[in-house]
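A.B. asks: requesting a structural model of the entry that follows:
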Amino acid sequence: MSSAPQAGGARIDHLVTSGTFSLDGGTWEVDNNVWLVGDDREVYVIDAAHDADAILEAVGGRRLLGIISTHGHDDHIDAAPEVAERAGAPVLLHPADSELWKLRHPDLRPDAALTDGESLQVAGVELRVLHTPGHSPGAVCLYAPELGTVFSGDTLFQGGPGATGRSFSSFPTIVESIRERLLTLPPETVVRTGHGDSTTIGDEAPHLEEWIARGH
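C.D. replies: Residues are numbered from 1 along each chain as shown. Sure thing, here's the model as predicted:
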């Protein structure tokens, strides 16, 4: 696990977990970024992917305020119920992704709904929920202005938008989400993605028209 000190006592911890992603009859091996935002007392987990033991080890003795799911694809939520049960913490998901959630956890429900514009507080910093549909109907990003970062899930990556070739996805919708909700953030904002390397808003913004041309 790696850590990056940030504003005040808050910091961002990062680990990579490995497993599979399944949808539309296919299964693929994937590595997922799991992000933890907090301090020595309390923390949020963003996307409880694959490995509950590793995630809980990263949480350590801190109070887990919740597990924020950026969307309902199974590789981002497969470990969420186990982490939630063992830590006594709620799972948060935008309700537009309830159908995707049910594909993985048909007998369980998330504990709370994420809503656009909602502000979650941890370690003196804000995580602002931005509804960014396209990769999935209920995809969200978490903007942390004090930390100069946005956790983009699978909405925006280094090099372009997340995939939109499977069920529940839409390329025009994801481009509009990125244009309206993410590229309006300060250009120095660090984009911490659901898979792969981080980037910045300033690095990705100039390529919007290229993405649109590729999508058509």
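A.B. asks: quick check: Ala48 touching Arg86?
C.D. replies: No - look at Ala48 against Arg86 with Cβ atoms under 8 Å: they stay out of range, at 10.8 Å. All C-beta atoms are positioned from the backbone trio N, CA, C, and that covers glycine.
A.B. asks: more crowded one of the two?
C.D. replies: Neighbours per residue, other Cβ atoms under 10 Å: of Ala48 and Arg86, the larger number sits with Ala48, 28 against 14.
A.B. asks: which SS state does the more buried one fall under?
C.D. replies: coil (DSSP: H, G, I helix; E, B strand; the rest coil).
A.B. asks: could I get the contacting residues of it?
C.D. replies: Neighbour list for Ala48: Val34, Ile55, Ile67, Ser69, His76, Ile77, Asp78, Ala79, Ala80, Val83, Ala84, Val91 [criterion: Cβ atoms under 8 Å, 6 or more residues apart in numbering].
A.B. asks: show me which of the residues you listed are buried.
C.D. replies: Val34, Ile55, Ile67, Ser69, His76, Ile77, Asp78, Ala79, Ala80, Val83, Ala84, Val91 (16 or more other Cβ atoms under 10 Å).
A.B. asks: among the residues you listed, which are located in strands?
C.D. replies: Judged by DSSP state E, the buried ones among the contacts of Ala48 include Val34, Ile67, Val91 as members of strands.
A.B. asks: Serialize these to a markdown table and add fields for distance to His135 and pLDDT.
C.D. replies: Converted to a markdown table, these look like this (distance: Cβ to Cβ, whole Å; pLDDT from 0 to 100):
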| residue | distance to His135 | pLDDT |
| --- | --- | --- |
| Val34 | 18 | 98 |
| Ile67 | 19 | 98 |
| Val91 | 19 | 98 |
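A.B. asks: what stretches of this structure score poorly on pLDDT?
C.D. replies: Within the chain, the ranges that satisfy pLDDT under 70 run 1-8, 215-216.
A.B. asks: spell out, range by range, the helices that occur in it.
C.D. replies: Using DSSP state H, the helices of the chain run over 52-59, 74-77, 80-87, 98-104, 171-177, 201-204, 208-215.
A.B. asks: which of these sits most buried?
C.D. replies: Compared across the helices of the chain, helix 74-77 shows the largest average neighbour count, a mean of 26 (mean count of other Cβ atoms under 10 Å).
A.B. asks: so which elements touch it?
C.D. replies: Secondary-structure packing of helix 74-77 (3 or more Cβ pairs under 8 Å, 6 or more residues apart in numbering; DSSP states H and E): strand 11-23, strand 26-38, helix 98-104.
A.B. asks: ok, which of the ones you listed comes nearest Leu156?
C.D. replies: strand 26-38 (13.0 Å; Cβ to Cβ).
A.B. asks: packing partners of the closest one?
C.D. replies: Checked by 3+ Cβ pairs under 8 Å, 6+ apart, strand 26-38 has strand 11-23, strand 42-46, helix 52-59, helix 74-77, strand 190-193 packed alongside it.
A.B. asks: partner strands of it and their direction?
C.D. replies: Take DSSP bridges as the rule and strand 26-38 pairs in its sheet with strand 11-23 (antiparallel), strand 42-46 (antiparallel).
A.B. asks: good, wrapping up.
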